[in-house]
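Student: What follows is a predicted protein model with its sequence.
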Amino acid sequence: MRASEAQKSDPGKETDRRGRGCEWKPQPISLARSCMNHSMSSRILGASLRFDLLMLVLALYCCGASAQDAKPLQRVSLVGEKQPPVHLTAEQDRLRLLGLLGLKESDLRPAPVPDAKSPRSANYDDAKANVYPKLPDPLVFKDGLPVKTGWDWGKRRREIWKDFDREVLGRSPGSMPALEWHVISTVREKYGGVDVITKRLAGRVGPWMNTPIKLDIDLLLTVPAHAAGPVPVIMELAFAKDFELATSGPLDSYVPTPWGVDGKLVVQRGWGFAILNPVSYQKDDGSGLTEGIIGLANQGQPRKLEDWGVLKAWAWGAEQAKGYFELDKAVDAKQVGLVGHSRFGKAVLVTMAYDYREFAVGYISSSGEGGAKLYRHIYGETIPNLASPSLYHWFNGNFLRYAGPRNAGDLPVDNHELIALCAPTPLFIGGGADTGDGYANPSGDAWADPRGMFLAEVAAGPVYRLMGAKDLGTAEFPAVGTALMTGDLAFRQHDGGHTPQPNWPYFLEFASRYLHAPGAPQR
């Protein structure tokens, strides 16, 4: 069924969660194994495989048709010949992209620095931040017509997706490799005083993929041992150090870094807690773009200007982990929440914006520029910072233009629309206060621009209301420590700096409205 036909049959809902005319669920293919396709239906995949097999049979027939003329059979690869990946440094790859755009380094604006005392400091004066006051309206089509219904929003959503794909985040590949999930270890232990079962898992590309690029998705899943049924799960997209600490000994002895969260509070509610290591399947560096899942999809070749960036690749891994949960009988896969801080807060928002019906609730901490913060609010980190050699890989090549000849006001979209794409899924957005930059002065989180994130959430409110959900309920920026949690959008800034931990208990209380352990009364 085409997406347009599906919408006509159910005008209040969108059946295409990625805007490409299909919705495809993982199917079991072996013990804890799931076959994932990012945007093609299983029928198309099956037809492609049948065609490849037919070609192989024909090749065998032709080679064996005449014994006297028989020659050694050439190896047939279903996915292309093995080719070593092209290796570029981040600087080389970024200069290559600038060249494709017809730009030079000197065409880009200088990137400000976090330290407020530096002569190159970012702007920390809110009176000077509203440089581009006019935001794109998510409830107005490109032809100027208003969005009035959920059916309309389904069509408008696809327009916004396309703009983000083309100008900011990149286009995901048309087809993706299948994965096998392997249980590396299973341990019964105590965690936060709760008897739990902890599984170390690896999602691996199947051996039928004829590629030298290796890929593992590292995932740790902990569930209460004596649950009355499948449990909700909160999954953290964690920094590599946190995943290393969590898997290096008994889980009960694991103490998160300041950028991680405490899963003990999760299992004490009767929920499961998972830790996903995004850099296990896509390196957080421009030198890794011809490896990992991006390199695998591109057969080891450098990206084109509109190819997906690392934020979308990390989101792909979160989708695969969700696919595993659908196969694990201990997990209620309809009740999976996502958590991420800083760069992984950005990744959580991207995941939920493109898979708005897959996850039940999200915590987006200190995501800042490129996350929940408005690009047009020129405060703290800005686009030239994201276009630097250390961060450009999060986005597609076209995004570099907005650090040079173009500016934030030229973008066809802004991040209030990225939040709106999540509607009606509940989101808790937060960060530290703007009393310090969070780096040179670690007492605050001004580099992430808490006010810019709040303004984006306010601007996404009309879409949430259209979709039958509740917005923040106010447009007034709250005082530090004040939690806005009465709606399906929530916000809180704290005085603990650039860390997710002070808001963590508040998020869990917010999430308890949507996640319910088996046998627990619903609120």
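Tutor: Arrived safely.
Student: how close does residue 148 get to residue 280?
Tutor: Separation of residue 148 from residue 280 (C-beta to C-beta, to the nearest Å): 44 Å. The way it works is simple: take the backbone N, C-alpha and C, and place the C-beta from them, glycine included.
Student: More neighbours: which of these two?
Tutor: Using other C-beta atoms under 10 Å as the criterion, residue 148 and residue 280 rank with residue 280 on top: 18 against 10.
Student: Not counting stretch 463-475 itself, show me its contacts.
Tutor: Outside stretch 463-475, the residues that touch it by C-beta atoms under 8 Å, 6 or more residues apart in numbering are 138-139, 147, 149-150, 153, 420, 423-424, 426, 457-458, 460-462, 484, 486-491.
Student: low-scoring stretches of the stretch 201-350 of the chain, by residue?
Tutor: For the stretch 201-350 of the chain, applying pLDDT under 70 flags the ranges 206-208.
Student: quick one, helices of it?
Tutor: Using DSSP state H, counting those that start in this stretch, the helices assigned to the stretch 201-350 of the chain run over residues 240-246, 264-267, 292-297, 310-325, 343-354.
Student: Which of these has the highest mean neighbour count?
Tutor: Sort the helices of the stretch 201-350 of the chain by mean neighbour count, taking mean count of other C-beta atoms under 10 Å, and helix 343-354 sits at the top with a mean of 28.
Student: Need the residues that contact it.
Tutor: 17-18, 161, 164, 169, 237-239, 278, 284, 311-312, 314-315, 318-319, 338-340, 359, 362-368, 370-372, 394, 415, 418-419, 421-422, 425, 427, 500.
Student: Please apply the same query to stretch 125-137.
Tutor: With C-beta under 8 Å, 6+ apart, stretch 125-137 has contacts from 123, 374, 376-379, 407-409, 411-414, 416-417, 451-452, 459.
Student: and if we set it to 10 Å?
Tutor: Stretch 125-137 is contacted from outside by 123, 142, 144, 146-147, 156, 160, 163, 374-380, 407-417, 434, 446, 449, 451-452, 455-456, 459, 462, 477, using C-beta atoms under 10 Å, 6 or more residues apart in numbering.
Student: Let me know the distance separating residue 255 from residue 344.
Tutor: From residue 255 across to residue 344, the span is 19 Å (C-beta to C-beta).
Student: what does residue 134 give?
Tutor: 31 Å.
Student: re the thing from before, which among the contacts of stretch 125-137 end up buried?
Tutor: Burial by neighbour count, 16 or more other C-beta atoms under 10 Å: within those this picks out 123, 147, 156, 160, 163, 374-380, 407-408, 411, 413-417, 434, 446, 449, 451-452, 455-456, 459, 462.
Student: So which of those residues sit within helices?
Tutor: Taking DSSP state H, the ones among these that sit in helices are 156, 160, 163, 415, 416, 417, 451, 452, 455, 456, 459, 462.
Student: can you tell me which residues contact residue 317?
Tutor: 179, 203, 215, 217-219, 237, 276-282, 292-293, 347, 351.
Student: give the contact list for residue 295.
Tutor: 85-86, 211-213, 215, 282-283, 288-289, 301-303, 313.
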